[in-house]
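Peer 1: Dropping a prediction and its sequence here:
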Amino acid sequence: MDQEELQYEEGVEAADGGDESFVGAGDDDQHLNETDQSIETELEAIKARVREMEEEAEKIRQIQSEVDKQMSIGSPPGAAGATSPLNMSLEEKMEVDARSIYVGNVDYGATAEELEQHFHGCGAVNRVTILCNKFDG
């Protein structure tokens, strides 16, 4: 039995000192830790961007809600006597569409007042809608 114990102890010593494959294991662990930290940092950046996008989406929902409220309250400013498009019957919508025009290729510097004045010779202008770029107006 003493011989078996001796062989076992020698085997342990050989494994501890003789096998160099374990020497690089610490480097691999360090590399894995750096990779894990890199992934965690990237994940945190993604989470932060998702939070920003959710906040922006909430702002857009609030703005849309305000616009919907304004649309349902009544006519837009400057449209005296006009009814809200949400409350119109099908016949009223068809009649409004028959009197409406779309004008494209308008100069970016044109104002609602200038367009109203330009088209005033065609009849009473009830509403002018100009789509604007949200970044520079």
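Peer 2: Cool, got the structure.

Peer 1: what's the span of stretch 108-127 from first residue to last?
Peer 2: End-to-end distance for stretch 108-127: 18 Å, by Cα to Cα, to the nearest Å.

Peer 1: which of the residues in it are buried?
Peer 2: If you call a residue buried by 16 or more other Cβ atoms under 10 Å, then stretch 108-127 has these buried ones: 115, 126. For the C-beta atoms, the positions are set from N, CA and C on the backbone; glycine is no exception.

Peer 1: If we ignore the residues flanking it in sequence, what's nearest Phe103?
Peer 2: Careful, residue 103 is Val and not Phe. Leu115 (7.4 Å; Cβ to Cβ, 6 or more residues apart in numbering).

Peer 1: Against Val67, how distant is the one you found?
Peer 2: Per Cβ to Cβ, to the nearest Å, Leu115 is found 21 Å from Val67.

Peer 1: mind listing the helices in this structure by residue range?
Peer 2: 2-13, 25-73, 90-99, 112-119 (DSSP state H).

Peer 1: Spit out the contact partners of the residue nearest to Val103.
Peer 2: 103, 106, 125, 128, 130 (Cβ atoms under 8 Å, 6 or more residues apart in numbering).

Peer 1: The third one and Glu114 touch, don't they?
Peer 2: No: using Cβ atoms under 8 Å, Val125 is not in contact with Glu114; the gap is 11.4 Å.

Peer 1: so where's this protein uncertain?
Peer 2: Applying pLDDT under 70 to the chain picks out residues 1-28, 73-86, 137.

Peer 1: sorry, back to before: among the helices of the chain, which is nearest Phe135?
Peer 2: Minimum separation from Phe135 across these (Cβ to Cβ) falls at helix 25-73, 13.8 Å.
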